[in-house]
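> sequence and predicted structure, then a few things I'm wondering about:
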There are 4 protein chains.
Amino acid sequence: MTAVKDSVHDYISLDPLAQDLVDTTEFQRLRHIKQLSTVRLVYPSANHTRFEHSLGVYHLASQALSHLDNLDISGERADHLRAAALLHDVGHGPYGHQTEHVIMRETGRHHDEIEWLLTDAEAGHPTDPPTNPTVHDVLTDHGLDPTRVAAHIRGEGELGQLVSGELDVDRMDYLVRDAHHTGVPYGTIDTGRLVRELRYRDGELVLDEGNVQTAESLLFARGLMNGIVYRHHVSRIAGAMLERAAERLLASDEADVSVERFQRMADHDLLVALREHVPELGRRIERRDLYKRAVWAGLGDVPAGVVDCGHADERAAEREIATQAGVDPADVVVDVLSRPSLKESNARVVVGGVVQRLEEASELVGALRDAERAQWRLGVYTASDHVDSVADAVSNVLGVRVGHVD
Amino acid sequence: MTAVKDSVHDYISLDPLAQDLVDTTEFQRLRHIKQLSTVRLVYPSANHTRFEHSLGVYHLASQALSHLDNLDISGERADHLRAAALLHDVGHGPYGHQTEHVIMRETGRHHDEIEWLLTDAEAGHPTDPPTNPTVHDVLTDHGLDPTRVAAHIRGEGELGQLVSGELDVDRMDYLVRDAHHTGVPYGTIDTGRLVRELRYRDGELVLDEGNVQTAESLLFARGLMNGIVYRHHVSRIAGAMLERAAERLLASDEADVSVERFQRMADHDLLVALREHVPELGRRIERRDLYKRAVWAGLGDVPAGVVDCGHADERAAEREIATQAGVDPADVVVDVLSRPSLKESNARVVVGGVVQRLEEASELVGALRDAERAQWRLGVYTASDHVDSVADAVSNVLGVRVGHVD
Amino acid sequence: MTAVKDSVHDYISLDPLAQDLVDTTEFQRLRHIKQLSTVRLVYPSANHTRFEHSLGVYHLASQALSHLDNLDISGERADHLRAAALLHDVGHGPYGHQTEHVIMRETGRHHDEIEWLLTDAEAGHPTDPPTNPTVHDVLTDHGLDPTRVAAHIRGEGELGQLVSGELDVDRMDYLVRDAHHTGVPYGTIDTGRLVRELRYRDGELVLDEGNVQTAESLLFARGLMNGIVYRHHVSRIAGAMLERAAERLLASDEADVSVERFQRMADHDLLVALREHVPELGRRIERRDLYKRAVWAGLGDVPAGVVDCGHADERAAEREIATQAGVDPADVVVDVLSRPSLKESNARVVVGGVVQRLEEASELVGALRDAERAQWRLGVYTASDHVDSVADAVSNVLGVRVGHVD
Amino acid sequence: MTAVKDSVHDYISLDPLAQDLVDTTEFQRLRHIKQLSTVRLVYPSANHTRFEHSLGVYHLASQALSHLDNLDISGERADHLRAAALLHDVGHGPYGHQTEHVIMRETGRHHDEIEWLLTDAEAGHPTDPPTNPTVHDVLTDHGLDPTRVAAHIRGEGELGQLVSGELDVDRMDYLVRDAHHTGVPYGTIDTGRLVRELRYRDGELVLDEGNVQTAESLLFARGLMNGIVYRHHVSRIAGAMLERAAERLLASDEADVSVERFQRMADHDLLVALREHVPELGRRIERRDLYKRAVWAGLGDVPAGVVDCGHADERAAEREIATQAGVDPADVVVDVLSRPSLKESNARVVVGGVVQRLEEASELVGALRDAERAQWRLGVYTASDHVDSVADAVSNVLGVRVGHVD
């Protein structure tokens, strides 16, 4: 078997199906999409890609299957699952989650809804002359059903939980990988133990007896990485600027970029397109000359209507704030984080022989949910010259209690 | 400056005072006292010693001082502090915390109360012909006051908090070191950040603004390491057996071991002495042929009187249980953990410019305290043949609700 | 002091000068230039950039200076050296060494000859409206002499050896960093020891007594990383394709890219420009649909005239081979590695109180040079369909003894 | 399957046979024998034991077998091999290699000649009442032939090469493990690649095509670890003192320790016995109050007759030197290292389809052998007061050219 050297899991053995999938246009594109998009502006070592992450998820899925082998998950069942693990991120647009909302508004699809891509023989072909095979062709050539693979990627069915669910191998890989590459140690969970302790009980993926703390460690890791890495304010500012810039690119007549072309872009395509067609924001992102926080307000200081506002409201607010502050509307970015959830709290663990949801089994889940809420921030960003005037306008327009931002 | 290679912190530079202290009889003895005593029976790589740990604490104290340098902590103030960091564990008996209660009952002193050892010119001298200098002599030769060093080790005064307190460098070193050597990743906190973010506010050691999560990470790390490493039931069983064996050794006329001699023993001395004078337990510990759990009961299943019982009660209960179960009293071990506390909850952090105790600043402290309580277990151990009869006797004698132990 | 988290060296403290230099356009551009260019097509985790590497070199230079402090290297001498360490790579074109020859042929300058960039107030300004300051301005604002910094970067003078020489901190950082990110362990040298053992003797940088093996470890690390990472044939194929594509881009009337604009491109700019203007090669590089080896011949099988041929000869040979093989000249790539050298063999070490060159002090240098020679390979690459016909043509045209390539 | 957490290889799965073997008296004893004996006096983190190392060798053997599976090495063939990997070190005496010569002189057996221990039902039983089962009983209970296991441990037969040979998994484990625990990075070879590239050709264990450098990396790692770790002069001094002390213990009528009892001692037993019966040396070793080098001479300065002298000559020389120097003979230690060999040079690699010995395939083997020779040192050690007089006496008695020792 071919093996690829990975800086996190050492050698990853690829079966023949995986080798062929890796060579597709869709999968090779993941080499050019960074796992943590704008986080690298804070943690300069965090340049890892969805290519290596996807290999890691495939690897952990293979390991989990080998420890679940009493369940007779083998042959083509295992093949579909491993293919789903490998391909789970091919639906991402440039800069991953950072453009997910933009694409969602135009196509109605999340990044993990890729049945269209896997089942349509033409969808994977680039518009320019194809060189590599497509995922669709490789799957069907190997006798796999693209529809089943797509369902696994959406987390459906018994096995789908391994790829997308509260105990999925996706989150196991990204926590340790993001820790390795940022240098922030908090994500270093015990993947070796997790893949060994997974079981199926009545069709549900659970952690076996004695693993309440193993499950809690996932929540701690996520909570700390959220605050210190994923939602670091510098990364959020750059990300919000990027999202605005992407919207303007799609709206630009001169650029003439369709959403179909947009979602096939890689990071470098978007960076070059922005510099050309949305030059002010494009250059700022490229050179890390970022807006500053005019407002950084917690849940208690923000009216509920603002917390739950939609995209159109956000844009309307930006215009209004800009007007009141006397600045160009293009220079105000309102960044409303969605309300905190804690997906892992639904993870299932066996306690005293009985399957429980983690929030029943652990004293900590409720408190972690509170802590997530306490970390929530509304951000409004602008050029450093306008910070004070924009802060005042935010207070007026949104009714946000505005304090001093460090 | 001389430097020592450490597997956790890489090179540790030693100033001339530290070099001389390292060469003393008292400090060299720490080479022979394992940091995690009986934990190595569960995690076979955990053979690290208090010698290397003490070097690590000295190193982190030096780093913290260099980042606190605006406070003019230099010259002899820094010397006293660094000496205290290096020497903080020389008061430990063989097997460290595992014999602390035994020694405490006889001498009335905790392991960090070592003024007697530092200030008495004779105390450090071994009874056999001395070869190495003593800590007392080195300190006074370098112009340091042993009394001040001893006070720092007890955590007294402004600087003492760095060595023993809620944010001390002792816990920073042991968490990362124990993680490195057990292979359990949960202790990998961000020591680089911690030593950079320490500040003094009104004489109190605090973490600077923006570090609530940094402080929480200490609690998470401790909570997970407690459950998965420090209080693993196999380590507790071996530890409780060792404590009983040590008591019998001290009580043995034939062995004739004074507490003074006992507390100067190293691990190997105790192991050999037990095999000779308490052979049944001694051999079992040496060859990991351990008792099994007859009872493993949570707080809810144990009467409050039992939870808070003293040492004499424990021994009386063992005798009574043995009688009822019809086994040799030497074969029953009752192991009552002290009620869970959460020292780190008093750590101080700056939030919005104001110093707060962590439990005011963090939603999580209360829940972590609950989780600690939920993890508490009373253990009663015996030879595998007697597990059932002893369990029944425990139910009768202590009124503990006894379930099945996995 | 500000600190940046690095996945290799943990926290890197930045002095005020360094902070300002990091914010320049020239330095921010290094975020977009990968350290190992095409190596990531073999080792998918190797996505690290010259940005983080440059921070690492600055860090090791600071550490080396702190251990050399008896020499009174402080104040503005140290400032110039640290600035040079930080800036040593800002002269790289897109894809670093892979385009160095192309740029060299047009400008006559190596990547480390950047006096033009540092001393000219206009040179650092991008053609589009500037947002960030330039290196020139920051240096002069801080009272530094750009000419001296440029000289250090060329390795001139006593201190310059620390930045570019046989014992420079540049190679120390890249070896450990490349090992960390590829996952190939061979580069993990002991940087902590190296920076502690550097000394100046008669103006020459040397390793202190007892470090012959420390110096040898640098050679072993380089030799193994050369064979297994840096000169892996897949990376060489992609690199040679990239170099040809870059030449065609510069020669294209339609693209109209000047060498001045070219050398300021970042990786993403080049990738997009190639896809547009040299689409066949551009797409192949982007999607890792690479040429195969038609010929892979060692020194013994290649006439000396071919080994030492120049660039024009290489291109002429490609055309001739293509004609004889009946394929498009654009589809043949001749890749002649320069003759192996072993720069580290000139490193100086103190042996028995006397400074010696490493090749005098070590039995191994000669053999390592032979081993480098044995690893040398001439490569000729083409599309998989033409491998056999091109191999035959190479035999005829270049007189290379052609064997079977695995 | 049960799994053990290891700080080097993460989880190690134990099959039922391995679980039972781990519980034997002989294997549990390995918990108390440090892998690197006196090296911990230089590298304080190096406290790892032959217990964890043996688990690691078992793990790598299992991995190698899984990649060699085309050879149908399964069932009982694999069981015998895995048992041999696990048990390969149970024949070591206290302090491992440091007492090997002492035991060899008395019993005529090396540590890997343990047929007597495996085949005799009584040999494994301790003299005190047995608690744990013996290796002999476990092997025969599982239907294995102790004689075959013992042959594998001696490196005999096709499979035996995996346990003891030029490419054995023993050296793979100890190099990475010693690097991990000392903190010296040079031993970090690529075990993942090595176990994947092993093949059998005509009954010989070889590395597959493309691995000359992989094999060279083993030699580099050994060469560097030899010089910097294994043969560090402080470790050699302590080791030579320990060997002398062990001889005196065995010769002591008062101590009355038979070689049978001696070779079953663990480190702590020996340390306590030495302190009691050879107190001067025993205390010095325990407190690292070591002799100093009076002489440290290379091959060129030592007459051939001295280099090749036997044990009796060594002792006679010590007495003579002591007499001439006017010191107690017990205070002079002559430490003659055996002539350097380079076992790995016989490792076999496939080059161009043909199996070659590494020294044919690599330019480096000869030079590494020269380098080993250049590192060879004769040491003569004594108390610091006698260094000069002993050096003079060595010059007279042995004809060694004596220089200044740093």
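Sure, I can see it. Residues are numbered from 1 along each chain as shown, chains lettered A, B, ... in the order given.
> C-alpha from now on. contacts and neighbour counts both.
Noted.
> list the contacts of the residue of chain A positioned farthest from its centre.
Distance from the C-alpha centroid of chain A, by CA atoms, centre = their mean, peaks at residue A:326 (35.4 Å). Each residue near residue A:326 by CA atoms under 8 Å, 6 or more residues apart in numbering or on different chains is listed here: residue A:389.
> can you pull the pLDDT of residue A:50?
If you check residue A:50, the pLDDT there is 98.
> thought it was touching residue A:34?
Yes - Residue A:50 lies in contact with residue A:34 (CA atoms under 8 Å); the separation is 5.9 Å.
> in the stretch 101-250 of chain A, what residue is nearest chain D?
Nearest residue of the stretch 101-250 of chain A to chain D, counting by CA to the nearest CA: residue A:192, 6.6 Å away.
> just confirm that residue is within a strand.
No - using DSSP: H, G, I helix; E, B strand; the rest coil, the assignment for residue A:192 is helix, not a strand.
> which residues does the spatially closest residue to it that is not a sequence neighbour form beta bridges with?
Excluding the flanking residues, the one nearest residue A:192 by CA to CA, 6 or more residues apart in numbering or on different chains is residue D:11, at 6.6 Å. For residue D:11, the beta-bridge partners are residue D:5 (DSSP bridges).
> tally of neighbours for residue D:11?
18 (other CA atoms under 10 Å in any protein chain shown).
> cool, and residue A:305?
The burial count assigned to residue A:305 is 10, neighbours taken as other CA under 10 Å.
> got it, and residue A:232?
With other CA under 10 Å as criterion, residue A:232 counts 16.
> check the gap between it and chain C for me.
Going from residue A:232 to chain C by CA to the nearest CA, to the nearest Å gives 13 Å.
> and what of residue A:12?
Separation of residue A:12 from chain C (CA to the nearest CA): 11 Å.
> and what of residue A:339?
Distance of residue A:339 to chain C, given as CA to the nearest CA: 29 Å.
> and if you look at residue A:401?
Distance from residue A:401 to chain C, by CA to the nearest CA: 30 Å.
> contacts only, for the closest residue to residue A:302 other than its chain neighbours.
Distances taken as CA to CA, 6+ apart place residue A:400 nearest to residue A:302, at 4.8 Å, with adjacent residues excluded. Residues in contact with residue A:400 (CA under 8 Å, 6+ apart) are A:297, A:301-303, A:394.
> quick check: residue A:400 is in a strand.
No - applying three-state DSSP, one finds residue A:400 to be coil, outside a strand.
> tell me where the stretch 151-300 of chain A has helices.
Along the stretch 151-300 of chain A, the stretches classed as helices by DSSP state H, counting those that start in this stretch are A:157-163, A:169-182, A:191-197, A:212-225, A:233-251, A:259-264, A:267-277, A:279-286.
> just to check, residue A:398 is in contact with residue A:306?
Yes - the pair residue A:398 / residue A:306 is scored as a contact, 6.9 Å apart, by CA under 8 Å.
> quick check: neighbours shared by those two?
The contact sets of residue A:398 and residue A:306 do not overlap (CA under 8 Å, 6+ apart).
> mean confidence for stretch A:368-379?
pLDDT averaged over stretch A:368-379 gives 92.
> same question for stretch A:98-108.
Here the average pLDDT along stretch A:98-108 is 94.
> show me what that stretch is in contact with.
A:37, A:92-93, A:109-111, A:239-240, A:242-243, A:246-247, A:259, A:263.
> which among the residues you listed gets closest to residue C:57?
Nearest to residue C:57 among the contacts of stretch A:98-108: residue A:37, at 24.8 Å, using CA to CA.
> got any ranges where the stretch 301-406 of chain A has weak pLDDT?
A:404, A:406 (pLDDT under 70).
> over to the residue in it positioned nearest to chain C: give its phi and psi.
Relative to chain C, the nearest point of the stretch 301-406 of chain A is residue A:383 (11.8 Å; CA to the nearest CA). Residue A:383 adopts backbone torsions of phi -60, psi 150, taken as degrees, to the nearest 10.
> what's the closest residue to it other than its chain neighbours in contact with, if anything?
The shortest distance from residue A:383 to any non-neighbouring residue, by CA to CA, 6+ apart, is to residue A:291 (4.7 Å). Residue A:291 sits next to A:237-238, A:381-384 when contact means CA under 8 Å, 6+ apart.
> how close does residue A:291 sit to chain D?
43 Å.
> how near is that residue to residue A:232?
Applying CA to CA, to the nearest Å, the value for residue A:291 to residue A:232 is 14 Å.
> bridged to residue A:201, which residues?
residue A:204.
> show me where chain A has its strands.
Ranges of strands in chain A, per DSSP state E, are A:2-6, A:10-14, A:198-201, A:204-207, A:292-297, A:332-336, A:348-351, A:354-357, A:378-382.
> to residue C:74, which of these lies closest?
Comparing the strands of chain A by CA to CA, strand A:292-297 comes nearest, at 35.4 Å.
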